[in-house]
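Enquirer: I would like the atomic coordinates for the input below:
(4 chains)
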Number of protein chains: 2
Amino acid sequence: MGRTRQKQSKDRHQEILDAAARVITDRGLAETRIQDIAERCGVSPGLILYYFESKDRLLVEALTFANDKYYLAQSRELRRIASARGQLERLIELSVPGLLDEYERLEEWALWLEIWVRALRDPSLAREREALDRRWRRSISDIVRHGRETGEFPNGSDPDELGMEIGALIDGLAVQVLLNDTVLTPQRMKDVCLDVASRLIGFSLEPAPA
Amino acid sequence: MGRTRQKQSKDRHQEILDAAARVITDRGLAETRIQDIAERCGVSPGLILYYFESKDRLLVEALTFANDKYYLAQSRELRRIASARGQLERLIELSVPGLLDEYERLEEWALWLEIWVRALRDPSLAREREALDRRWRRSISDIVRHGRETGEFPNGSDPDELGMEIGALIDGLAVQVLLNDTVLTPQRMKDVCLDVASRLIGFSLEPAPA
DNA sequence: CACCGATTTGAACGGCGAGTCAACTTCGCT
DNA sequence: AGCGAAGTTGACTCGCCGTTCAAATCGGTG
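Expert: Residues are numbered from 1 along each chain as shown, chains lettered A, B, ... in the order given. As a prediction, the model looks like this:
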């Protein structure tokens, strides 16, 4: 068989997942057809079903696949920042839909909405979603822990609790921004998040107003 | 023609909207068929399209119709409470999926998720969603204003800002609870919301621990 | 080159569900 | 009672799309 053959096959697999995620972002999960995904790959519809046993499985896999991709990118970026304060600020920036580059974050949040809706009726996706979400909250609580170790943040509430609170705030605001709420601009969302986070964690915003 | 005839027609209209909302909650927007809605009404599928020009229009109307219903019920209930503190606590209780009666709030939040997803690609629903959301945030900021008038709450941040922050927090947490997050129970969500709200608004929780 | 399995194609199948329609019923009015 | 309009039915049409499949192609191996 040879390794190149396996490699190719794996590439195709990911290529399809990637295309699927993009189609879902563009057309919405409900309106995504196999034909669309095939076209994105420049491939025939039959091939999609050669690599995935059904459309449903493919779509679910694509949702979590894309989420993984974004999570890893975020992790990598945060690891390069030393101060907890800087990490928190960057995490928030990365979470605001449309603040940095146009497409990536918009895609991520749009996919979250689709995950939520489908998880309501798909128990296996529901379990997966919870794991993804715990990971996301954990990246917040880890920043809090880090900040306490370095002395940037004071001791106080349970870091996990803070991760949940701040995470929920970001989720809620991100939905508004994603849906183009006219009142809540991306910049304003960033400010609100930082402001509330600083009050909840208990540090002062003054020293470094970005 | 006579008014009774018009009245009947209006009832049918609402009956269908109601049935549609329930079906959407049960099966999800994407899986909702005209047949299902007809069955809920004990009526033939043809009749549904006699009252609504298309399935799409019916579904969108059903989403906002149900939201209205819940909003009015909430308003009525809050108006009966004198203290701002009591109003805030009740608003939070009413917002936690599955804390009080099983079905109603679960339905409401499930429908919100569907609204969000569809609003991503339906500009007219997007506009409608924003209005609904402003109304919801406003019911929070009004409580803050009321509390400042009565002296229960101290002066501080802009009430609209607080409405946005607390509203977003509730949204984010409600999604977790709705999706049966194993860590975040309904009771815990209520506690977290009250706790964060009291810190943001600046009043003490001690005097009345429910 | 000839073979073989893996990959890829595109045509065809089949079911499903939105929307149409012509016939039938119901109800208010005179 | 009987007319006309509104309400209701259920069978039918039609297009769409997931899935299947037989044939074609490709690429590595001996």
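
Enquirer: in terms of contact, does A:Phe153 touch A:Ile201 like I think?
Expert: Yes: taking contacts as C-beta atoms under 8 Å, A:Phe153 lies within contact range of A:Ile201: 5.3 Å. From N, CA and C alone the C-beta is placed, and that goes for glycine too.

Enquirer: mind listing the helices for chain A?
Expert: Listed in chain order, the helices of chain A (DSSP state H) span A:3-27, A:34-41, A:45-51, A:55-79, A:84-95, A:103-119, A:123-150, A:159-178, A:186-201.

Enquirer: let me have those helices in JSON lines, extended by mean neighbour count and mean pLDDT.
Expert: What follows is the helices of chain A, written out as JSON lines (neighbours: other C-beta atoms under 10 Å in any protein chain shown; pLDDT from 0 to 100):
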{"stretch": "helix A:3-27", "mean neighbour count": "16", "mean pLDDT": "86"}
{"stretch": "helix A:34-41", "mean neighbour count": "18", "mean pLDDT": "98"}
{"stretch": "helix A:45-51", "mean neighbour count": "14", "mean pLDDT": "97"}
{"stretch": "helix A:55-79", "mean neighbour count": "16", "mean pLDDT": "97"}
{"stretch": "helix A:84-95", "mean neighbour count": "20", "mean pLDDT": "97"}
{"stretch": "helix A:103-119", "mean neighbour count": "21", "mean pLDDT": "93"}
{"stretch": "helix A:123-150", "mean neighbour count": "18", "mean pLDDT": "97"}
{"stretch": "helix A:159-178", "mean neighbour count": "24", "mean pLDDT": "96"}
{"stretch": "helix A:186-201", "mean neighbour count": "19", "mean pLDDT": "95"}
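
Enquirer: for B:Ile92, find the nearest of those helices.
Expert: helix A:159-178 (13.2 Å; C-beta to C-beta).

Enquirer: tell me what the closest one is packed against?
Expert: Other elements packing on helix A:159-178 under the criterion 3 or more C-beta pairs under 8 Å, 6 or more residues apart in numbering or on different chains; DSSP states H and E are helix A:84-95, helix A:103-119, helix A:123-150, helix A:186-201, helix B:159-178, helix B:186-201.

Enquirer: what does stretch A:11-28 rub up against?
Expert: Applying C-beta atoms under 8 Å, 6 or more residues apart in numbering or on different chains, the contact partners of stretch A:11-28 are A:32, A:36-37, A:40-41, A:47-48, A:51-52, A:58-59, A:61-63, A:65-66, A:106-107, A:110-111, A:114, B:117-118, B:120-121.

Enquirer: quick one: closest of the helices and strands packed on helix A:159-178 to A:Ala168.
Expert: Among the helices and strands packed on helix A:159-178, the nearest to A:Ala168 by C-beta to C-beta is helix B:159-178 (3.1 Å).

Enquirer: any idea how far that closest one is from the chain center?
Expert: The chain centroid and the centroid of helix B:159-178 are separated by 12 Å, computed with C-alpha atoms, centre = their mean, to the nearest Å.

Enquirer: then that helix to CSV, C-alphas only?
Expert: Extracted C-alpha coordinates of helix B:159-178, given in CSV (Å, rounded to 0.1, in the frame of the first residue of the first chain):
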residue,chain,number,x,y,z
PRO,B,159,-28.2,50.9,33.8
ASP,B,160,-28.2,50.0,30.1
GLU,B,161,-24.7,48.8,30.3
LEU,B,162,-25.7,46.7,33.3
GLY,B,163,-28.6,45.3,31.4
MET,B,164,-26.3,44.2,28.6
GLU,B,165,-23.8,42.6,30.9
ILE,B,166,-26.3,40.8,33.1
GLY,B,167,-28.4,39.8,30.1
ALA,B,168,-25.4,38.4,28.3
LEU,B,169,-24.4,36.5,31.4
ILE,B,170,-27.8,34.9,31.7
ASP,B,171,-27.9,34.1,28.0
GLY,B,172,-24.5,32.3,28.2
LEU,B,173,-25.3,30.4,31.3
ALA,B,174,-28.8,29.5,30.1
VAL,B,175,-27.3,27.8,27.1
GLN,B,176,-25.1,25.6,29.3
VAL,B,177,-28.0,24.7,31.5
LEU,B,178,-30.3,24.0,28.6
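
Enquirer: returning to what we had before: Throw the helices of chain A into JSON lines and include distance to B:Arg85, thanks.
Expert: As requested, those are exported to JSON lines (distance: least, C-beta to C-beta, whole Å):
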{"stretch": "helix A:3-27", "distance to B:Arg85": "43"}
{"stretch": "helix A:34-41", "distance to B:Arg85": "52"}
{"stretch": "helix A:45-51", "distance to B:Arg85": "57"}
{"stretch": "helix A:55-79", "distance to B:Arg85": "39"}
{"stretch": "helix A:84-95", "distance to B:Arg85": "31"}
{"stretch": "helix A:103-119", "distance to B:Arg85": "32"}
{"stretch": "helix A:123-150", "distance to B:Arg85": "29"}
{"stretch": "helix A:159-178", "distance to B:Arg85": "20"}
{"stretch": "helix A:186-201", "distance to B:Arg85": "20"}
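
Enquirer: those helices: which one's closest to DNA strand C?
Expert: Among the helices of chain A, helix A:45-51 comes nearest to DNA strand C, with 2.3 Å by C-beta to the nearest atom of the strand.

Enquirer: by contact count, what packs against the closest one?
Expert: Short answer (3+ C-beta pairs under 8 Å, 6+ apart): helix A:45-51 packs on helix A:3-27, helix A:34-41, helix A:55-79.

Enquirer: now do the shortest one and helix A:55-79, the angle between them.
Expert: Interaxial angle, helix A:34-41 versus helix A:55-79 (axes from the mean of the first three to the mean of the last three C-alpha atoms, to 10 degrees): 40 degrees.

Enquirer: is any residue of helix A:34-41 near DNA strand D?
Expert: Yes: looking at helix A:34-41 against DNA strand D by C-beta under 7 Å from any atom of the strand, the contacts come from A:34-35.

Enquirer: show residues contacting that helix.
Expert: Outside helix A:34-41, the residues within contact range by C-beta under 8 Å, 6+ apart are A:15-16, A:19-20, A:22-23, A:27, A:44-45, A:47-49, A:55, A:58.
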